[in-house]
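In: what would the 3D arrangement of this be:
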Amino acid sequence: MNPTSSPAVGNTWFYYTLITVFSWGVYGILLHKGQVTMNDPVNGRYKAFLFVGIAYFLTAVLAPLVLLIARGAAFSGYTTPGWSWSLLAGILGAIGAFGTLLAFGARGTPAVVMSIVFAGAPVVNALVSLWLYRHDIDFARVNPAFYLGIVLAVVGGGLVMKYKPNPIPMKPAASQPAVPASTTVRA
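Out: Model (predicted):
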């Protein structure tokens, strides 16, 4: 469906995909930890999001800029569709990160929030891809397992949300027995 700019080399794409699986798999957990450890219930999510932006700047601005400068292609050859679609993708990625922080701020746990994200995102991806490439697809030849996979992703996200493991309730602190006034020591 998508043209590629470089030929595939064996299973290299799969190993690169595993980098994303691991990174995004721990993303929500670390984001939640960053928000909580800001020790600021009101502004902690915004402070955490600020550092997400700094991290994006370091990894998504400086790193590719250095590579492009090294290849002599940093300041030329940008097409309007190329930069505008890429900019939109970055904005949606940042909005997604902010939505995750808002969910954590509304007492969503990383296990449930990220499970819903990772169960729902493939469904959205599949539906948007179908719509974008609808003229290139022979829908009569789409394997029914594709649609079954979409349904299973939705069901899986629902099951995780419904049957999430809950933390053990904390026992109330044992109250200290009152010390009778007659037992206090006077200096």
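
In: so how far is stretch 88-102 off the chain centroid?
Out: Its chain's C-alpha centre lies 8 Å from the corresponding centre of stretch 88-102 when counted by CA atoms, centre = their mean, to the nearest Å.

In: list the buried residues in it.
Out: Ala97, Phe98, Thr100, Leu101 (16 or more other CB atoms under 10 Å). (C-beta placed from N, C-alpha, C; glycine too.)

In: among those, which ones are in helices?
Out: Ala97, Phe98, Thr100, Leu101 (DSSP state H).

In: now those residues as CSV including distance to Ile137?
Out: Listed next are those as CSV, based on distance: CB to CB, whole Å:
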residue, distance to Ile137
Ala97, 31
Phe98, 33
Thr100, 31
Leu101, 36
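
In: give me the phi and psi for Pro122.
Out: Per-residue torsions, Pro122: phi -60, psi -30 (degrees, to the nearest 10).

In: before we move on, what about Leu58?
Out: phi -70, psi -40.

In: distance of it from Pro64?
Out: 11 Å (CB to CB, to the nearest Å).

In: pLDDT weak spots in the chain?
Out: Residue ranges of the chain with pLDDT under 70: 1-9, 173-187.

In: what about the helices in it?
Out: 12-36, 44-57, 63-70, 80-105, 110-132, 144-162.

In: now do the buried residues in the first one.
Out: Neighbour-count burial for helix 12-36 flags Tyr27, Gly28, Leu31, His32, Gly34, Gln35 (criterion: 16+ other CB under 10 Å).

In: can you pull the contacts of the nearest residue to the fourth one once chain neighbours are set aside?
Out: In this case it means His32. Excluding its sequence neighbours, the residue lying closest to His32 (CB to CB, 6 or more residues apart in numbering) is Pro110, at 4.4 Å. Pro110 is in contact with Gly28, Ile29, Leu31, His32, Phe104, counting by CB atoms under 8 Å, 6 or more residues apart in numbering.

In: reformat those as a markdown table; add distance to Lys164.
Out: Conversion of the contacts of Pro110 to a markdown table gives the following (distance: CB to CB, whole Å):
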| residue | distance to Lys164 |
| --- | --- |
| Gly28 | 14 |
| Ile29 | 14 |
| Leu31 | 18 |
| His32 | 14 |
| Phe104 | 14 |
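
In: check these and tell me the two furthest apart.
Out: Using CB to CB, the pair of these lying farthest apart is Ile29 and Phe104, separated by 10.3 Å.

In: what is the neighbour count of Pro122?
Out: Using other CB atoms under 10 Å, Pro122 has 14 neighbouring residues.

In: er, Ala153 actually
Out: For Ala153, using other CB under 10 Å, the count is 19.

In: next one: Val151
Out: Neighbours of Val151 (other CB under 10 Å): 10.

In: look up how far Gly157 lies from it.
Out: Val151 is 11 Å from Gly157, by CB to CB.
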